[in-house]
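Asker: here are the coordinates; sequence isn't available:
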Ligand code: S3P
């Protein structure tokens, strides 16, 4: 077992670039793989999750080449994929699994998808059930709810699906299946989750559109055209540096070219409501996604209540919100965030137990947590649960806890943020 020791921090200063967005990187590989022509993807995230997506698409016959600064994907067109020779492995990546379950369900071949011991525990019914209602033939452990999933690709029928959860993975899985289904496939969700799939489908010329009533529909049987995609910096990765700069006194940093898609900026809204000194500058559009430079200065924070539409807009950032809350004056309550229990780890229980070890006053709730902020924290030995976002959240907490904190199995940060620890070191002054 590996550990990393983090010391209470000196201020963070300087300008940094954050690695490419994980959600957009996955989608760029998948959609470029089924487009006609060659797509070039720049600022692609080379985290382990996105590499899993590349290896599965290669196993399905797609030519994908990785140069130092970009990736080229020679699209196989919608029906040019090939049957993988062996079981394909999505590693730790829920996005890879759920999106590709939708894509492969409508191909004319057989695929078995598996994953690591964490992914094999995560629920797949959320995509398997709607895909079955399109005619998909999918089996797996626990009635098809758990990996490995065995998918016998077949012709599907378009559906109108009202998802009970706001999940971009569910939405994207069904839309991907809909691309080659008969007729129209339309997806509704309670509140808008990240819409990167929809934006990229439109950019690649799919017969797809946002409806006035909020649904999104795609017509089956129309091909996509290759495009060049510049992936913005990942706001979910930026979040760790934003919170670190807010809580470590004397910090002032600029995060360049971070994606600020409104379906992802819940973290900015939350930290602004907490009184954080954050400014978005140089706003522009890059390949259909809004991007900005984010300027952050340290300063006092106060507790807030977080629920409703904000939850899907900040779902991956809620563990680091707990860290910000521990250093804020007053109470922070996070509600309606039960989805956190089925992420890479049970993030409600993981962040609660580990912050408690540093002395934080945080209580677990069924659908979130309550933090009484402002208690002094001190270094301790904490776990990462092999969950990249827990490891990085605890690193941020450690920068402001007195003494030293030892975090176990920190290499899981490579799932979404290779170079995280070095980048942090490079701006500690
Ligand atoms: C993702 C969607 C979210 C998010 C995950 C990435 C995506 O999951 O938590 O990290 O790229 O579609 P859900 O769709 O399960 O909410």
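Answerer: Sure thing, it's come through. Remember, it's a predicted structure, so these values are computed and weren't measured experimentally. Numbers count the residues shown, from 1 in each chain.
Asker: can you name the residue of the stretch 1-150 of the chain nearest the ligand?
Answerer: residue 23 (3.2 Å; Cβ to the nearest ligand atom). The C-beta positions use only the backbone N, C-alpha and C, and glycine is treated the same way.
Asker: quick one: name the residues of this protein near the ligand.
Answerer: By Cβ under 6 Å from any ligand atom, the part of the chain that sits against the ligand consists of 23, 26, 95, 167, 168, 169, 172, 193, 194, 315, 316, 339.
Asker: tell me how far the first one lies from residue 356.
Answerer: Distance of residue 23 to residue 356, computed by Cβ to Cβ, to the nearest Å: 31 Å.
Asker: which one of those two has more residues nearby?
Answerer: It is residue 23, of residue 23 and residue 356, that has more neighbours when counted by other Cβ atoms under 10 Å, with 28 against 16.
Asker: just confirm residue 344 is within a strand.
Answerer: No - judged by DSSP: H, G, I helix; E, B strand; the rest coil, residue 344 forms no part of a strand; its state is coil.
Asker: that one - how many residues pack around it?
Answerer: 24.
Asker: residue 115 too?
Answerer: Counted with other Cβ under 10 Å, the burial measure for residue 115 works out to 24 neighbours.
Asker: name the nearest residue to it, ignoring sequence neighbours.
Answerer: residue 90 (4.5 Å; Cβ to Cβ, 6 or more residues apart in numbering).
Asker: that neighbour and residue 112 touch, don't they?
Answerer: No - under the contact definition of Cβ atoms under 8 Å, residue 90 does not touch residue 112, with a separation of 11.0 Å.
Asker: quick one, which of these two is more surrounded?
Answerer: Neighbours of residue 90 and residue 112, each counted by other Cβ under 10 Å, are more numerous for residue 90; the result is 26 against 17.
Asker: can you pull the phi/psi pair for that one?
Answerer: As for residue 90, its main-chain torsions (degrees, to the nearest 10) stand at phi -90, psi 0.
Asker: same deal with residue 347?
Answerer: Taking degrees, to the nearest 10, you get phi -70, psi -20 for the backbone angles of residue 347.
Asker: do I have it right that it meets residue 389?
Answerer: Yes - using Cβ under 8 Å, residue 347 and residue 389 qualify as a contacting pair, with a distance of 7.1 Å.
Asker: need the residues touching each of the two.
Answerer: Counting by Cβ atoms under 8 Å, 6 or more residues apart in numbering, the residues touching both residue 347 and residue 389 are residue 319.
Asker: quick one on the thing from earlier: helix or strand for the residue of the stretch 1-150 of the chain closest to the ligand, which one?
Answerer: Residue 23 belongs to helix 22-33 when assigned by DSSP states H and E.
Asker: who touches the residue nearest to residue 62 when sequence neighbours are not counted in this structure?
Answerer: Of all residues beyond its chain neighbours, the one nearest residue 62 is residue 33 (4.3 Å), with distances taken as Cβ to Cβ, 6+ apart. Residues near residue 33 by Cβ under 8 Å, 6+ apart: 57, 60, 62, 64, 73, 75, 76, 81.
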